[in-house]
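Chemist: Following is a predicted model, sequence given first.
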Amino acid sequence: METNDLSPVELRVWQAFAAGVAVDLRTAEDEDTAQGADWGPDRTVRASVLRALLLNGPLEQGEIPALRLGGARITGVLDLSHGAIEHPIRLSDCFFEDVPQLYASRLRHLNLSGSVLPGFAAATMQVDGILHLTGCRFLGQVRLGGTHIAGTVFLDRAEITAPDTAQRALLLSHATIGDDLWAPGLRTRGAVDLNSTSIAGSASLDDARLSHPGSFALDAQTLLVDGDLHMRRTHVRGWIGLRGARITGRLDLSYASLSNPGDAALRASSCTIGELWLRKSPPMEGTLNLRRAQIEVLVLEVEAVPEEVLLNGLVYTDLAPHEPAERRLPMLDRDADGYVPQTYEQLTAAYRRVGDDHAARLVQLAKQRRLRGTRAWYGRLWGYAQDATVGYGFRPLRACAWLVSLLAVGSVAYALHHPRALKTAEAPHFNPVFYTLDLLLPVISFGQEDAFAPDGWYQALSYTLIITGWILATTVITGVTRNVSRQ
């Protein structure tokens with residue numbers, strides 16, 4: 001490109017390139033870049049000039065060329081598709097009239113911080129350094145699918161608005177990020193797509209506002225994060241999809257507000273997470289789906305649990321904070337799949353790992369009561385009897401109380417009406433207490449039961465005491481054995 005064809009401001013940018021000198025056209029530090037369409041010729045640079053400069057600009061021996069331009073209105077399409085640019089690019093606080101085209105390009109470093117753009121098309125782009133989109137405002141889609149970024153991607157305080165609510169606002173699927181994804185304060189209207197993205201460091205979406213009501217606001221299926229994924233104080237309208245994701249560190253949703261009424265708010269099925277934090281948050285408006293997820297540490301406060309959950313197949317090692325079983329059990333009752341035995345076993349195991357056997361027994365008792373509701377009427381009737389008498393074996397002291405009560409009833413009954421002796425000459429002295437004990441205790445014998453035979457309803461009472469004694473004595477022995485074995 002001939003320099004004679006350049007405007008004064010373009011010539012200034014051209015001459016500054018060789019030495020990497022910055023050209024700042026801003027008139028005030030706090031000016032609104034969104035008003036860039038009104039900027040005059042003294043702040044207007046053609047995209048074709050920038051393209052020619054980057055591909056074949058002047059060089060000076062001993063200097064490091066770079067494009068550093070701020071506060072310009074860039075007209076035309078900046079098309080660097082398939083190009084290999086060896087020089088750093090910084091176009092900060094600029095107003096782009098057309099969508100930059102960087103498809104399949106290779107760049108050393110790209111900084112568009114504070115700029116306003118109608119969109120960004122850079123699928124399969126490769127950046128050897130850092131991608132800076134801090135504070136950018138995009139009025140259309142940001143397409144970064146399949147990109148390879150060696151360093152950090154900065155999207156902090158960026159605003160992305162999809163022109164059609166059915167479209168994705170940010171496409172970052174199948175991308176490879178060699179360091180962090182830094183996006184606190186990100187604002188999007190439309191979906192964020194992180195499907196199959198690989199992040200070697202951590203990702204931060206703290207204080208983000210993601211809005212795509214009725215559909216996915218963050219679609220991150222099979223996402224891979226080697227560090228943490230922070231979403232503290234995030235407001236999400238729509239659902240978060242993490243099916244099959246693997247987050248080595250912590251997924252932190254503390255203080256987050258998730259809303260997707262009538263459908264799932266968080267879909268984290270079949271994922272693997274080091275730590276999942278759901279704390280200090282209002283209850284989700286929508287379903288919490290953790291089916292088949294594997295979590296080392298689950299930090300789940302009772303207040304954050306929504307009205308409907310899906311927990312079938314969820315496996316976790318530790319559950320925090322430590323809460324009484326009475327506060328945890330309602331969560332299992334909210335499972336949309338109905339009675340799921342595995343969820344009770346998981347909660348029982350979590351209590352046993354911290355040594356809270358009382359809470360573990362309460363969970364097992366609740367499991368039996370929930371199971372009772374799934375059986376036929378005769379099964380439910382037998383269940384009520386087991387619950388009332390021995391607490392399904394998890395309350396052995398109740399069985400002892402029944403034994404003592406039956407001992408008192410039998411002793412009084414047989415004291416008032418002595419059974420007849422089978423062999424009068426050989427029969428021992430009748431003792432109503434030990435005779436009743438002989439009937440109740442299936443193992444111990446005091447010689448009373450074999451020597452006397454009641455008749456009439458006293459015989460029916462003896463049969464009742466024998467059957468009940470077997471059941472209650474077995475329950476007591478089982479409960480004692482269980483406690484001793486755990487100790």
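Modeler: Sure thing, it's come through. Numbering: from 1, shown residues only.
Chemist: Where does P442 fall, secondary structure wise?
Modeler: Using DSSP states H and E, P442 falls within no helix or strand.
Chemist: swap that for Q386, please
Modeler: Going by DSSP H and E, Q386 is in helix 377-390.
Chemist: so after that helix, what's the next helix or strand?
Modeler: helix 396-416.
Chemist: The helix or strand that that following helix is followed by - which strands sit beside it in the sheet, and in what orientation?
Modeler: Sequence order places strand 420-421 as the next helix or strand after helix 396-416, per DSSP H and E. Within its sheet, strand 420-421 is paired with strand 452-453 (antiparallel), according to DSSP bridges.
Chemist: picking up where we left off before, and the helix holding Q386, what's its mean pLDDT?
Modeler: The average of the pLDDT scores along helix 377-390 is 74.
Chemist: Also stretch 338-356?
Modeler: Averaged across stretch 338-356, the pLDDT comes to 93.
Chemist: then it to PDB, C-alphas only?
Modeler: Extracted in PDB, the C-alpha atoms of stretch 338-356 (Å, rounded to 0.1, in the frame of the first residue of the first chain):
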ATOM      1  CA  GLY A 338     -39.000 -41.600  43.600                       C
ATOM      2  CA  TYR A 339     -37.500 -44.100  46.000                       C
ATOM      3  CA  VAL A 340     -33.800 -44.500  45.100                       C
ATOM      4  CA  PRO A 341     -32.100 -46.900  47.600                       C
ATOM      5  CA  GLN A 342     -28.600 -45.900  46.500                       C
ATOM      6  CA  THR A 343     -29.000 -42.300  47.700                       C
ATOM      7  CA  TYR A 344     -29.800 -43.500  51.200                       C
ATOM      8  CA  GLU A 345     -26.800 -45.800  51.200                       C
ATOM      9  CA  GLN A 346     -24.600 -42.900  50.100                       C
ATOM     10  CA  LEU A 347     -25.800 -40.600  52.900                       C
ATOM     11  CA  THR A 348     -25.400 -43.500  55.400                       C
ATOM     12  CA  ALA A 349     -21.800 -44.000  54.300                       C
ATOM     13  CA  ALA A 350     -21.100 -40.300  54.700                       C
ATOM     14  CA  TYR A 351     -22.300 -40.300  58.300                       C
ATOM     15  CA  ARG A 352     -20.400 -43.400  59.100                       C
ATOM     16  CA  ARG A 353     -17.200 -42.000  57.700                       C
ATOM     17  CA  VAL A 354     -17.400 -39.200  60.300                       C
ATOM     18  CA  GLY A 355     -18.400 -41.500  63.100                       C
ATOM     19  CA  ASP A 356     -22.100 -40.400  63.400                       C
END
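Chemist: mind listing what's buried in it?
Modeler: 340, 343-344, 346-348, 350-351, 356 (16 or more other C-beta atoms under 10 Å). The C-beta positions use only the backbone N, C-alpha and C, and glycine is treated the same way.
Chemist: show me where pLDDT drops low in the stretch 301-450 of the chain?
Modeler: Within the stretch 301-450 of the chain, the ranges that satisfy pLDDT under 70 run 389-390, 392-393, 396-397.
Chemist: at 80 instead, please
Modeler: Across the stretch 301-450 of the chain, the ranges flagged by pLDDT under 80 are 378-380, 382-403, 422-427, 442-450.
Chemist: one step back: would you reformat the buried residues of stretch 338-356 as JSON lines and include secondary structure?
Modeler: As requested, the buried residues of stretch 338-356 are exported to JSON lines (DSSP: H, G, I helix; E, B strand; the rest coil):
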{"residue": "V340", "secondary structure": "coil"}
{"residue": "T343", "secondary structure": "helix"}
{"residue": "Y344", "secondary structure": "helix"}
{"residue": "Q346", "secondary structure": "helix"}
{"residue": "L347", "secondary structure": "helix"}
{"residue": "T348", "secondary structure": "helix"}
{"residue": "A350", "secondary structure": "helix"}
{"residue": "Y351", "secondary structure": "helix"}
{"residue": "D356", "secondary structure": "coil"}
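Chemist: and the end-to-end length of stretch 439-454?
Modeler: 12 Å (C-alpha to C-alpha, to the nearest Å).
Chemist: One more: stretch 154-164?
Modeler: End-to-end for stretch 154-164, by C-alpha to C-alpha: 25 Å.
Chemist: Ok, stretch 29-36 next?
Modeler: First-to-last distance for stretch 29-36 - C-alpha to C-alpha - comes to 14 Å.
Chemist: go on, stretch 106-113?
Modeler: Using C-alpha to C-alpha, one end of stretch 106-113 lies 19 Å from the other.
Chemist: for the record, mean pLDDT for it?
Modeler: 97.
Chemist: pLDDT below threshold where in the stretch 101-250 of the chain?
Modeler: 164-167.
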